[in-house]
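J.: 3D, please:
(chains A and B)
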Protein chains: 2
Amino acid sequence: VDTARVSGLGWTTTLIIDRVLPGVRGLWPDVTVSPERHARQLRAVLDAWGMPPADAATTVDHMLYADLHGIDSHGCAMLVHYHRRLQAGALAATPATAVVTEHGSTALLDGGGGLGHAPADRAMRLAIAKCRDAGLGAVAVRNSGHFGAAGGYAALAADAGLIGIAATNTEEPAVVPTFGAEARLGTNALAFAAPAEPGRPFLLDMATSTVSLGTIARAWRTGRRIPAGWAVDARGRPVRSARRAALGRRLTPLGGTRAMGRPKGYGLAAMVEVLASILPGAERVGHFFLALDPHAFREPGRGAFAGELTALLESLRGTRPLDPLRPVLVAGDPERAVAAERRRSGIPLARAVVEDIRAVARASRAPFVLDGAR
Amino acid sequence: VDTARVSGLGWTTTLIIDRVLPGVRGLWPDVTVSPERHARQLRAVLDAWGMPPADAATTVDHMLYADLHGIDSHGCAMLVHYHRRLQAGALAATPATAVVTEHGSTALLDGGGGLGHAPADRAMRLAIAKCRDAGLGAVAVRNSGHFGAAGGYAALAADAGLIGIAATNTEEPAVVPTFGAEARLGTNALAFAAPAEPGRPFLLDMATSTVSLGTIARAWRTGRRIPAGWAVDARGRPVRSARRAALGRRLTPLGGTRAMGRPKGYGLAAMVEVLASILPGAERVGHFFLALDPHAFREPGRGAFAGELTALLESLRGTRPLDPLRPVLVAGDPERAVAAERRRSGIPLARAVVEDIRAVARASRAPFVLDGAR
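T.: Reported below is the predicted structural model:
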């Protein structure tokens, strides 16, 4: 098993436990931690790495956002991957985010070669501030790193009553262009948020591949085969083994097969590459953020945008369902339901993730506080 | 056959010829017209309707754009549909586009209840002008109509050296939300253009459904079944009959099946609805346009955006192909190849479309000039 390639995704220990030593699993139960304890653990590690306190607080916020909302592959499970890159000298622990160039409605930031959460958060807040003045604001970031879940940045705009767009490229090629035999684009993510009822924005957060690498790795861990159309081999044939798909890294663009709209998914992945990477001149990872004030586009005196969007979302939720027990949802609903449950009952962490974090804490000389569960 | 529902798409005559009277087809060969003659015919009809000359010129430009680039369902084939709506009083022939509200970087236009081409063109050009000043410009349009191919508006930005986004909702529900039993959203289109080599922009132009209604109607005309995943019935089962799919109007969002990313396609369709319809407060059809100056985001002294984008596109085109005879393309390449061929050899028109236009011209007391072929 070529764990080296997968370990970059933070699942080394899980893979060993689940696939190599399945009998061990019962002895190492998963744990549930409170959001507070989860945040405390992450903060301890980032502090030990020497990250400036304000950046560490922001980074913890966004990692916690992912784990709270069920986007488990983009939260604390990434810590072991970040640590490995830090040790390899591929990631700056104390990066200085800098404004490279700035105009009235636009700016370019440099992430300083560190993790992406802090520069991304700063960039979206700058776009929001510009939007307050001009009705529109956009900020690109170059020389950045993994920023977790794109939806957490778009949501900042919606929380401010604005429409927000967040996009990021990803570092390693994993998506195959239509007609191509090899991966050329990342799983490039796109998020879009718009304010509706308070706390219930429309919030789309998607990779531009059919499924994420995390979904395929989860199938591997649990021993399930994947549907034809998620990944292909070097001759374009569907790969059904999750293990081969995770190691081969030839995911299909959104739509999967050509008949199911694959050139569109490929086009969307390339669009994100243009905005997040080519636009800022990103050497490695780059991001793009846009904030847009709905009321800069509306007739004076017309009712609030949020009210009209709420009516649309309610109409979508009211669509007659195929199965009465499975109502129609809108983007953001499933993640909010998970977050509500996890705020009440805690965040479930796979034992393997906990052990990875234990190892990172030890190597970083940071306290390990996940032992006491909640 | 419930042609009434399909005729709204402009294929009545085609359907009768192809499906009811197939023997007639050989007697009525398809024709090829030069772009000049095609434009002359459209202009004659729009003039007869009383459309102001400047608006008529713009409308012809965009209809010709669609037919030149192989987006046949969005060009002159729509004329019969426009005419029917005109006769029904559902479309203003001489609409006055007006600026409802305007700020430094943003504006809202009212399309006056007519066709969408002229107000959409004006809106994108206004966004481009605002972008020249501020680095960003966005304009929404309400109370508009069908505007043809979204890519033609995004391309205006790329021609001006800018990144352009164009989005439109569509009037009649045709796309089923994930878990839903009925259509609630249109085939809402999204286009994205970015300048690369002169005349060869990156140009993505896509419906947010797996395939367009036009693709399904084409399958019906030619007697082909459609793949499972393009359309479903009221119980969510795949519809393989193109006729049933066209009449049932329950298309799947991009991705087709849930496993193939359908919630993402549903989310993208809703995103376009938010931007093009909820944002401007559109009663019927609305649009959204954004222009973005790449050099407002780039370090002073850094090379041109277009050069770096060209390098990305060349790298994508250079992807090792599955089939050496089928190279990897980028969004915009296939349509440009069709346009080059049609500029040389003329635009092929199905006889049924020609006959529809003949009928419209007669009813509108406009000259009919397509008889002489090229």
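
J.: report how many residues lie close to A:Asp371.
T.: 10 (other Cβ atoms under 10 Å in any protein chain shown). The C-beta positions use only the backbone N, C-alpha and C, and glycine is treated the same way.

J.: equivalent analysis for A:Glu355, please.
T.: Neighbourhood size, A:Glu355 [other Cβ under 10 Å]: 19.

J.: check the one 3 residues further on too.
T.: Neighbouring residues of A:Arg358 were enumerated by other Cβ under 10 Å; the total is 15.

J.: which positions within the strand or helix carrying it qualify as buried?
T.: Using DSSP states H and E, A:Arg358 sits within helix A:351-364. Neighbour counts over helix A:351-364 (16 or more other Cβ atoms under 10 Å in any protein chain shown) mark A:Arg351, A:Ala352, A:Val353, A:Val354, A:Glu355, A:Asp356, A:Ile357, A:Ala359, A:Val360, A:Ala361, A:Ser364 as buried.

J.: go on, stretch A:51-60?
T.: Of the residues in stretch A:51-60, those buried (16+ other Cβ under 10 Å) are A:Met51, A:Pro52, A:Asp55, A:Ala56, A:Thr58, A:Thr59, A:Val60.

J.: for stretch A:306-319, same thing?
T.: Buried residues in stretch A:306-319 (16+ other Cβ under 10 Å): A:Ala306, A:Glu308, A:Leu309, A:Thr310, A:Leu312, A:Leu313, A:Leu316, A:Thr319.

J.: can you redo the buried residues of helix A:351-364 as TSV with pLDDT and distance to A:Leu203?
T.: Listed next are the buried residues of helix A:351-364 as TSV, based on pLDDT from 0 to 100; distance: Cβ to Cβ, whole Å:
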residue	pLDDT	distance to A:Leu203
A:Arg351	86	30
A:Ala352	85	29
A:Val353	90	25
A:Val354	93	28
A:Glu355	91	32
A:Asp356	93	28
A:Ile357	96	27
A:Ala359	96	34
A:Val360	97	30
A:Ala361	97	32
A:Ser364	97	33
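
J.: could you identify the most distant pair in the residues you listed?
T.: By the measure Cβ to Cβ, A:Arg351 and A:Ser364 form the most distant pair in the buried residues of helix A:351-364, at 20.0 Å.

J.: does stretch A:263-281 come close to chain B?
T.: Yes - Stretch A:263-281 reaches chain B (Cβ under 8 Å from any Cβ of the partner chain) through A:263-268, A:270-271, A:273-275, A:277-281.

J.: centroid-nearest residue for chain A?
T.: Residue closest to the average C-alpha location in chain A (Cα atoms, centre = their mean): A:Ala149, at 2.4 Å.

J.: now for it: which residues touch it?
T.: By Cβ atoms under 8 Å, 6 or more residues apart in numbering or on different chains, the contact set of A:Ala149 is A:His62, A:Tyr65, A:Ala66, A:His69, A:Ile71, A:His74, A:Gly75, A:Ala191, A:Asp205.

J.: are any of those residues buried, and which?
T.: With burial judged by 16+ other Cβ under 10 Å, the buried subset of those is A:His62, A:Tyr65, A:Ala66, A:His69, A:Ile71, A:His74, A:Gly75, A:Ala191, A:Asp205.

J.: what ranges do the helices span in chain A?
T.: A:3-7, A:12-15, A:35-48, A:53-68, A:79-87, A:117-134, A:151-159, A:213-221, A:242-248, A:262-273, A:305-317, A:333-345, A:351-364 (DSSP state H).

J.: for B:Gly111, find the nearest of the ones you listed.
T.: helix A:305-317 (18.4 Å).

J.: give me the mean pLDDT for the closest one.
T.: Averaged over helix A:305-317, pLDDT sits at 97.

J.: and it, what does it pack against?
T.: Packing contacts for helix A:305-317, counted by 3 or more Cβ pairs under 8 Å, 6 or more residues apart in numbering or on different chains; DSSP states H and E, involve strand A:189-197, strand A:200-207, helix B:262-273.

J.: right, and A:Ala219 touches A:Ala242 too?
T.: Yes - using Cβ atoms under 8 Å, A:Ala219 is in contact with A:Ala242, at 3.7 Å.

J.: any residues in contact with both of the two?
T.: With Cβ under 8 Å, 6+ apart as the test, A:Ala219 and A:Ala242 both reach A:Arg225, A:Ile226.

J.: tell me the contacts of A:Thr59?
T.: A:Thr59 touches A:Leu42, A:Leu46, A:Met51, A:Leu115, A:His117, A:Ala118, counting by Cβ under 8 Å, 6+ apart.

J.: and the gap between the nearest residue in space to the second one that is not next to it in sequence and chain B?
T.: Setting aside the residues directly before and after it, A:Leu46 is nearest to A:Ala56 in space (Cβ to Cβ, 6 or more residues apart in numbering or on different chains), at 4.0 Å. Noted for A:Ala56: a distance of 28 Å to chain B, by Cβ to the nearest Cβ, to the nearest Å.

J.: which residues does A:Ala56 contact?
T.: A:Arg43, A:Leu46, A:Asp47.

J.: any low-confidence regions in the stretch 1-150 of chain A?
T.: Applying pLDDT under 70 to the stretch 1-150 of chain A flags residues A:1-28.

J.: from the contacts of A:Thr59, which is closest to chain B?
T.: Using Cβ to the nearest Cβ, A:Ala118 comes nearest to chain B of these, at 19.4 Å.

J.: so that closest one sits right up against A:Thr97, yeah?
T.: Yes - using Cβ under 8 Å, A:Ala118 is in contact with A:Thr97, at 6.3 Å.

J.: neighbour count: these two, which is higher?
T.: Neighbour totals were compared for A:Ala118 and A:Thr97, and A:Ala118 leads with 27 against 20 (other Cβ under 10 Å).

J.: not counting sequence-adjacent ones, nearest residue to the more buried one?
T.: In space, A:Ala118 is closest to A:Asp55, 3.9 Å off (Cβ to Cβ, 6+ apart).

J.: distance of that neighbour from A:Asp110?
T.: Separation of A:Asp55 from A:Asp110 (Cβ to Cβ, to the nearest Å): 14 Å.
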